[in-house]
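Q: please find the sequence and the predicted model below.
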Amino acid sequence: MKTEEFKKYAQLVLKKGVNLQKGQSVFFNCPVERADVARIFVKEAYALGAAYAKVLYNDEKLDRLSYEYADTKTLCDIFPSAVLAKDEIVQKGAAYVSLIAEDPNALKGLDEEKIAAVSKARAAAFQNFQSAVMTNRIRWCVAAIPGKEWAKALFPSSGEPEEALWNAIKKTVRLDSSDPEKAWREHIDVLNARAAFLNGKSFAALHFTASCGTDLTVGLADGHVWLAAEETAADGVRFIANLPTEEIFTAPHREKVNGTVKNALPLVEDGNVIDGFTLEFKNGEVVSYSAEKGEKVLQGILSSDAGANRIGEVALIGKNSPIAKSGLLFLNTLFDENASCHLALGKAYPTTLRGGDAMQKDALLAAGANDSSIHVDFMIGTDDLRVTGILADGKETLLMENGNWVI
């Protein structure tokens, strides 16, 4: 992994991702093991005219020690300083870049109920920051960097697993293109065209079916809007929240989801893998669930709060995306959700409703947008997934067949 490549990557994330403006501050969240990469990003931020750049480090190994030795009550008592550190980003109107490299097995073998309880406490503590992110009051971007343990989990037989992972990341974010920024512009145009088509149709619902047992009808929120990769922040500046991204997404109606859905890929949440799970919905609510692996973690997610067992996002992605074509299971939601159509338990993005970013909670709920302290994506896109759009009069339009777009 060459320094020059990381510099090029930093420029892509800062210019196309958060669209850093001159004189603006930027905060980074980064694993402590990749402080070397964080320093490159900070230097490039200053080169682009940042007023100030700060790094908030995280350490999975220290987190594991805390789960092993501290009791649940102590871990659920979130330090005010940690909350203030995130709120400071919003107060300063700074850009926020999350550099992720999570080990999918970081918390393997630990008390799943304790992990679920702490996740619930954290979600409640950081609600203000999460709200700022989901309403685009700040410009934010999630991007991945190669981590040692993550790389070993994906490429156990490779002599240089981190290099192998880095090569895979480069392809998914189009960094291997001769002109990455141009490649992203062309990609965004394609996604925007699909979103425009869906917005022109104003479907009342979507119907998902697959041979694995998925048979789910997802009603869409009143006044829903389909969004693609590029969004507009509250300050009027365009940005891309995820690198990579292949999705077109909107808000389901929180009371109009019915049927059964099965996951297509594992979900990694808080260092634990959840797989082989089924959710049954009735009038928008999960009424039964099961999982072959990580069921207690899934239970913890669903019981996080009153809205955690309802859907807040539905996203459509064709299986011909660079991530899907790679055939690599990244064991990381940022990537795996962009290889497959997915849903998200929890909070809806207010921006996926017309005028939603200016709506109060009651108005959002009345339109059907779900509210929760969590937002957890899970993948449902199988190779034989079929998706149809249903108009208010019952007429149907085929959107996806065998996991691919037909429009």
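A: Nice, I can see it. Numbers count the residues shown, from 1 in each chain.
Q: the closest residue to residue 245 other than its chain neighbours: neighbouring residues, count only.
A: Distances taken as Cβ to Cβ, 6 or more residues apart in numbering place residue 229 nearest to residue 245, at 4.6 Å, with adjacent residues excluded. Any C-beta I mention is one placed from the backbone N, CA and C, and that applies to glycine too. Using other Cβ atoms under 10 Å, the number of residues around residue 229 comes to 25.
Q: quick check: residue 229 touching residue 249?
A: No: contact between residue 229 and residue 249 fails when scored by Cβ atoms under 8 Å: they sit 10.0 Å apart.
Q: give me the mean pLDDT for the host helix or strand of residue 39.
A: Secondary structure from DSSP states H and E places residue 39 in helix 35-47. Computed over helix 35-47, the mean pLDDT rounds to 98.
Q: ditto for stretch 285-304
A: Per-residue scores along stretch 285-304 average to 94.
Q: can you give me the buried ones in that stretch?
A: Within stretch 285-304, the residues that qualify as buried are 285, 286, 289, 291, 294, 296, 297, 298, 300, 301, 302, 304, counting by 16 or more other Cβ atoms under 10 Å.
Q: show me what contacts the residue nearest to residue 245?
A: Shown in contact with residue 229 (Cβ atoms under 8 Å, 6 or more residues apart in numbering): 187, 188, 191, 192, 240, 242, 245, 246, 247.
Q: lowest-scoring secondary structure element of the chain by mean pLDDT?
A: Sorted by mean pLDDT, DSSP states H and E, the helices and strands of the chain end with helix 322-326, the least confident at a mean of 84.
Q: can you pull the contacts of residue 202?
A: With Cβ under 8 Å, 6+ apart, residue 202 has these contacts: residue 391.
Q: what comes into contact with the lengthiest helix in the chain?
A: If you go by DSSP state H, the chain has its longest helix at helix 180-201. Applying Cβ under 8 Å, 6+ apart, the external contacts of helix 180-201 come out as 8, 12, 15-16, 173-174, 177, 225-230, 240, 245-248, 250, 316, 389, 391, 397, 399, 405, 407.
Q: got a PyMOL select line for the buried ones in those?
A: To isolate in PyMOL the members of the contacts of helix 180-201 that are buried, counting by 16+ other Cβ under 10 Å, one can use:
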select buried, resi 12+15+16+173+174+225+226+227+228+229+230+240+245+246+247+248+250+316+389+399+405
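Q: okay, and which of the contacts of helix 180-201 map to strands?
A: 230, 240, 248, 250, 316, 389, 397, 399, 405 (DSSP state E).
Q: ok, of the residues you listed, which one's closest to residue 88?
A: Lowest distance from residue 88 to the ones in strands among the contacts of helix 180-201 (Cβ to Cβ) belongs to residue 240, with 23.5 Å.
Q: where do the strands of the stretch 1-150 of the chain begin and end?
A: Applying DSSP state E, counting those that start in this stretch to the stretch 1-150 of the chain gives strands spanning 25-31, 52-58, 95-100, 140-144.
Q: which one is residue 335 nearest to, not counting chain neighbours?
A: Using Cβ to Cβ, 6+ apart, the nearest residue to residue 335 is residue 323, at 5.5 Å.
Q: show me the contacts for the one you found.
A: Here residue 323 is in contact with 172, 244, 246, 330, 335, 336, 338, 339 (Cβ under 8 Å, 6+ apart).
Q: got it, and residue 162?
A: Contacts for residue 162 (Cβ under 8 Å, 6+ apart) come out as 1, 146, 147, 148, 151.
Q: again, only using 6 Å
A: Residues near residue 162 by Cβ atoms under 6 Å, 6 or more residues apart in numbering: 146, 151.
Q: swap in residue 212?
A: Counted by Cβ under 6 Å, 6+ apart, residue 212 has contacts 262, 382.
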